[in-house]
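S.K.: No letters, just coordinates:
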């Protein structure tokens, strides 16, 4: 009797939880209502089977409970029962498969007026490419990928010259316009998924996959990688921002083309040296850093990373959080380099400075080496920084500065701005260091790496525009 009651309560509890559960679909924001309908049909079919089987089991347990005066009747075959089971099973499977096949037929049939957008995945971030005025995307080749050509676009293909490049984790799309998203991976298996759009598809290295949808609601929606693509898989996030057509066109006009990215001003070292005198007051005459002024070393750091951080200060992404005293000081200094040519000149001069020698620090190097393994996936085995991962070099940075930044990430002082995608990833990774002893061990290990070992995998990384 007790088992019968438990089975009935299991059925009633499951039904109640299904309807009162807070874990339900996010509000849909695309044309794929039919996907929701298909899932709901699956819920009804499987739910009916779940209820029927468990209630029958409860009935059988109660009806045929042990009775010493009753003998079981063994029937090895029952054609009538098998016929009904086969019939009901067939109906259930057809009810689940048919709607899915119908929706899949729509899913692979892209509207002729859909705009093509390429989403490129790599550990652990997204970038995007849109066609220019010619409406065509240029040819790409993974062998052409470099710091100056991160998409691997074939410069000999005229169609690629006006391709619009979005080298950050946010894609903007117009409202109520169908979009075909071409999916390409630079390294391992990824997955492009936007829950509110009800779409997802794998990115398979060596081939191009696709999906399509029509955004039907303005707003900002998360892009997630729903494939285990490495140790920082959970941090591979992006955004799709859906706006009105006018705002979308304004955003599109402000994005650089491939041709523009290849013809950027490289900078003048002598002019940059004059401009750098203001920076030298804190960061040192040769960019060696000054721990007394809480200023990190600039020499030896990747040019692309320095440029991004200066732009983050200018845009309020860094230095605007409560508690970031030194970042707030940098905001005013960074605003002195808003002119693109002046910024290029200063970066050119910093690029010419010799990197400072790492300073050894006391700490548990064996433990630090073990903990640093997670960091090495982005920052490199020798903490040299990896452009493809958007991760800076660490060997030239003072231990006190590294400790402060790790604490900032843990406390949410850094990485909390909605546009700081890589900072948000570092917030998650910094939490893997449990306490000051772990941080000290990792910092000591980074400091133990020799300057010779801290050579970049790509000798041209620091010359990127």
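M.R.: Good, I have the coordinates. Keep in mind that this is a model prediction, so the values were computed, not measured.
S.K.: Next up, the contacts around residue 425.
M.R.: In this structure, residue 425 makes contact with 124, 125, 232, 235, 236, 237, 415, judged by CB atoms under 8 Å, 6 or more residues apart in numbering. C-beta here means a position set from N, CA and C on the backbone, and glycine is covered the same way.
S.K.: Actually, residue 113.
M.R.: With CB under 8 Å, 6+ apart, residue 113 has these contacts: residue 178.
S.K.: what helix or strand is residue 223 on?
M.R.: strand 219-224 (DSSP states H and E).
S.K.: Now for the contacts of residue 425: which two are most distant?
M.R.: Of all pairs drawn from those, the greatest distance, 15.0 Å, lies between 236 and 415 (CB to CB).
S.K.: Residue 225 - how many residues pack around it?
M.R.: Burial of residue 225 is recorded as 27 neighbouring residues (other CB atoms under 10 Å).
S.K.: confidence score at it?
M.R.: In this prediction, residue 225 carries a pLDDT score of 92.
S.K.: Ok, residue 426 next?
M.R.: The per-residue pLDDT of residue 426 was computed as 90.
S.K.: Now do stretch 383-391, average pLDDT.
M.R.: 82.
S.K.: ok, the residue nearest to residue 232 when sequence neighbours are not counted - contacts?
M.R.: Closest residue to residue 232 apart from its sequence neighbours, by CB to CB, 6 or more residues apart in numbering: residue 124 at 4.4 Å. Taking CB under 8 Å, 6+ apart, we find residue 124 in contact with 225, 229, 230, 232, 233, 235, 236, 378, 389, 425.
S.K.: Give the closest residue to the first one in space, chain neighbours not counted.
M.R.: The reference is to residue 225. When the adjacent residues along the chain are set aside, residue 225 lies closest to residue 236, with 4.0 Å between them (CB to CB, 6+ apart).
S.K.: Then residue 145?
M.R.: The shortest distance from residue 145 to any non-neighbouring residue, by CB to CB, 6+ apart, is to residue 152 (4.0 Å).
S.K.: Now do the phi/psi pair for the one you found.
M.R.: phi 70, psi 40 (degrees, to the nearest 10).
S.K.: Please read off the pLDDT at it from the model.
M.R.: The per-residue pLDDT reported for residue 152 equals 86.
S.K.: Same question for residue 99.
M.R.: The predicted structure lists residue 99 with a pLDDT of 90.
S.K.: From residue 216, how far out is it?
M.R.: Relative to residue 216, residue 99 is positioned 21 Å away (criterion: CB to CB, to the nearest Å).
S.K.: next one: residue 192
M.R.: Taking CB to CB, one finds residue 192 at 19 Å from residue 216.
S.K.: Name the residue in the two with the higher neighbour count.
M.R.: residue 192 (24 against 16).
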